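Peer 1: Pasting the sequence and the predicted model now:
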Amino acid sequence: MTTPLNSLDIAKPPAATRVVAAMSGGVDSSVVAALLKREGYDVIGVTLQLYDHGAAVHRAGACCAGQDIHDARRVAEAIGIPHYVLDYESRFRDAVIERFAESYLAGETPIPCVECNRTVKFRDLLGLARELGADALATGHYVVSRDLGTGHRGLFRAADAARDQSYFLYATTQEQLDLLRFPLGSIDKAQTRALAAELGLGIADKPDSQDICFVPNGRYADVIEKLKPGASRPGEIVHLDGRVLGRHDGVLRYTVGQRKGLGLSAAEPLYVLRLDADLARVIVGPREALGVREIRLRDVNWLGDLSLDALPVEGLDVAVRVRSTRAPREARLMRDEDGLKIELASDEEGVSPGQACVIYTDAGPDARVLGGGTILRPPLAMLTPAPAFAHAQP
Ligand SMILES: Nc1ncnc2c1ncn2[C@@H]1O[C@H](COP(=O)(O)OP(=O)(O)OP(=O)(O)O)[C@@H](O)[C@H]1O
């Protein structure tokens, strides 16, 4: 099979180009390190110990980081590159796990992978790569980065739409992006596994990693409750019309758009519309009330060529994704006195505060990421029909 690398777009011969390969011990980053080595780059492998002995998570039963570190070390030995394991546990706990817990407790549905990429991997590890004299940091993310001919690189969706990780990387800064390389962006996972076998890597058949690395079996509420005992308060499940329909064990167990697991017997299907952590309330209502047309963002990261200050008054035609699993939808990007505003071309259901709204040039398969931000909770008055108790809350 031909190598997907071609060149890393660095104007130096491979032998003079030092690249740090971020090695998780999984198939993807092992293939990246091995390909770079085969191409003749000066490769240094680095593995971050993120949560192995972290007390909070350890108590919740996470166990496999040690095996991953061992696998990364074995691959580095086999391909003949220096390899370092760094203890980033406390950084990961502060920057990722703590924020994850706080966001859930505030009634949001966070995405820790965005935070991990933005901080631990691309701020801290990239800083280390610079200290090691590297020209680039390469990872096994499925995303394309391309030289734009402007002196900067752009971020694009991966060729393998099912694996595309651009949604999780929107918060990468331009400065970070210019130093990052994603050699697997133009191939699919089956090709990566075939390359792993061709390169003789022992981990060629290793299963894919789980969704959130520090949450065993998807039981995120257990992790949070162990990390912050007593912080999650039980409360009422309230219908939009003001009726109290039941009780819950904490808003962190719910997400906007959720229908299953509410434990309510009602004549019509009910969906979670809103989580009010201050009042410990889960607000539910009919599907018609789920549709959202306007989204506001916080912590916006912008990667477009046009400055946000220069957005035309009539706005910009874009496409957005409001969940990692959703296809891009047509929208208009506007700016007003309250900041950025996304106007969706049609109703979108299950828009959850805390998730990312990622902005693309268009809805096509190789669209460029223009930026994104964290979805803010809309004002209560924006729920339609207006809740019977709206006047009682700001
Ligand atoms: N603990 C870690 N140490 C160093 N790099 C890491 C670590 N975890 C992830 N990475 C880097 O981030 C990339 C994407 O991470 P993600 O968790 O999405 O892994 P993945 O898709 O399972 O890939 P892999 O097969 O390489 O584990 C990895 O390919 C790797 O380059």
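Peer 2: Here it is on my side, so go on.
Peer 1: Would you indicate which residues of stretch 251-259 are buried?
Peer 2: For stretch 251-259, the buried set under the neighbour-count rule, 16 or more other CB atoms under 10 Å, comprises 251, 252, 253, 254, 255, 256, 257, 258. Any C-beta I mention is one placed from the backbone N, CA and C, and that applies to glycine too.
Peer 1: My error: substitute stretch 142-155 in the last question.
Peer 2: For stretch 142-155, burial by neighbour count (16+ other CB under 10 Å) applies to 142, 143, 144, 145, 153, 154, 155.
Peer 1: contacting residues for the second one?
Peer 2: Contacts for residue 143 were tallied using CB atoms under 8 Å, 6 or more residues apart in numbering; they are 155, 156, 157, 158, 164, 165, 166, 169, 182, 185.
Peer 1: Please identify which of the residues you listed is nearest to the ligand.
Peer 2: Nearest to the ligand, judged by CB to the nearest ligand atom, of the contacts of residue 143 is residue 165 at 6.2 Å.
Peer 1: Now do that closest one against residue 185, distance only.
Peer 2: Separation of residue 165 from residue 185 (CB to CB, to the nearest Å): 9 Å.
Peer 1: cool, residue 281 as well?
Peer 2: The gap separating residue 281 from residue 185 is 43 Å, by CB to CB.
Peer 1: How about the residues of the stretch 51-200 of the chain by the ligand?
Peer 2: Residues of the stretch 51-200 of the chain lying close to the ligand (CB under 6 Å from any ligand atom) are 121, 139, 140, 141.
Peer 1: My read is that the first one contacts residue 22, right?
Peer 2: Right, residue 121. Yes - the criterion here is CB atoms under 8 Å, and residue 121 meets it with residue 22 at 6.5 Å.
Peer 1: ok, back up a step: tell me the one of the contacts of residue 143 nearest residue 9?
Peer 2: Using CB to CB, residue 182 is the member of those that lies nearest residue 9, at 11.3 Å.
Peer 1: In contact with the closest one, which residues are there?
Peer 2: Contact analysis of residue 182 by CB under 8 Å, 6+ apart lists 138, 139, 140, 141, 142, 143, 144, 145.
Peer 1: burial measure for residue 349, as a count.
Peer 2: Using other CB atoms under 10 Å, residue 349 has 15 neighbouring residues.
Peer 1: Surely it touches residue 259?
Peer 2: No - contact status for residue 349 versus residue 259: not in contact, 10.4 Å apart, counting by CB under 8 Å.
Peer 1: which SSE is the closest residue to residue 189 other than its chain neighbours in?
Peer 2: Sequence neighbours aside, residue 163 is the residue nearest to residue 189 in space, at 5.6 Å (criterion: CB to CB, 6 or more residues apart in numbering). Using DSSP states H and E, residue 163 is not contained in any helix or strand.
Peer 1: so who does residue 163 touch?
Peer 2: Under the criterion of CB under 8 Å, 6+ apart, the contact partners of residue 163 comprise 142, 188, 189.
Peer 1: roughly how far apart are it and residue 171?
Peer 2: Using CB to CB, one gets 19 Å for the distance from residue 163 to residue 171.
Peer 1: again with residue 181
Peer 2: Distance, residue 181 to residue 171, using CB to CB: 18 Å.
Peer 1: Please apply the same query to residue 36.
Peer 2: When CB to CB is the yardstick, residue 36 and residue 171 sit 25 Å from each other.
Peer 1: More neighbours: the two, which one.
Peer 2: residue 36 (28 against 23).
Peer 1: ok, what's across the strand from the closest residue to that one other than its chain neighbours?
Peer 2: Excluding the flanking residues, the one nearest residue 36 by CB to CB, 6+ apart is residue 43, at 4.7 Å. On the basis of DSSP bridges, residue 43 is bridged to residue 19.
Peer 1: Now do the contacts for residue 43.
Peer 2: Going by CB under 8 Å, 6+ apart, residue 43 touches 18, 19, 20, 21, 33, 36, 37, 79, 81.
Peer 1: on that earlier part again, wait, which of the buried residues of stretch 251-259 is closest to the ligand?
Peer 2: Checking the buried residues of stretch 251-259 against the ligand by CB to the nearest ligand atom gives residue 255 as the nearest, at 21.4 Å.
Peer 1: Need the pLDDT of that closest one.
Peer 2: Residue 255 is assigned a pLDDT of 95 by the prediction.
Peer 1: Please, which helix or strand holds it?
Peer 2: Residue 255 belongs to no helix or strand when elements are defined using DSSP H and E.
Peer 1: now the residue lying farthest from the centre of the chain: how far from the ligand?
Peer 2: In the chain, residue 267 marks the outermost C-alpha relative to the chain mean, sitting 36.8 Å out by CA atoms, centre = their mean. Between residue 267 and the ligand the computed distance is 43 Å (CB to the nearest ligand atom, to the nearest Å).
Peer 1: so how far is residue 245 from that residue?
Peer 2: Distance, residue 267 to residue 245, using CB to CB: 11 Å.
Peer 1: domain parsing for the protein?
Peer 2: Using automatic domain parsing, the domain ranges for the chain come out as 14-218, 233-289, 291-382.
Peer 1: Include distance to residue 226 when you put those into a markdown table, please.
Peer 2: What follows is those, written out as a markdown table (distance: least, CB to CB, whole Å):
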| stretch | distance to residue 226 |
| --- | --- |
| domain 14-218 | 5 |
| domain 233-289 | 12 |
| domain 291-382 | 20 |
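Peer 1: ok, residue 159 - contacts?
Peer 2: Shown here is residue 159, whose contacts under the criterion CB under 8 Å, 6+ apart are 144, 185, 186, 187, 188, 365, 366.
Peer 1: nearest to the ligand, of the contacts of residue 43?
Peer 2: So of these, ranked by how close each gets to the ligand (CB to the nearest ligand atom), first place is residue 21, at 7.1 Å.
Peer 1: Let me know whether the closest one touches residue 28 as I believe.
Peer 2: No - if you go by CB under 8 Å, residue 21 and residue 28 don't touch, sitting 10.8 Å apart.
Peer 1: between those two, who's got more neighbours?
Peer 2: More neighbours sit around residue 21 than around the other of residue 21 and residue 28, counting by other CB under 10 Å; the figures are 34 against 25.
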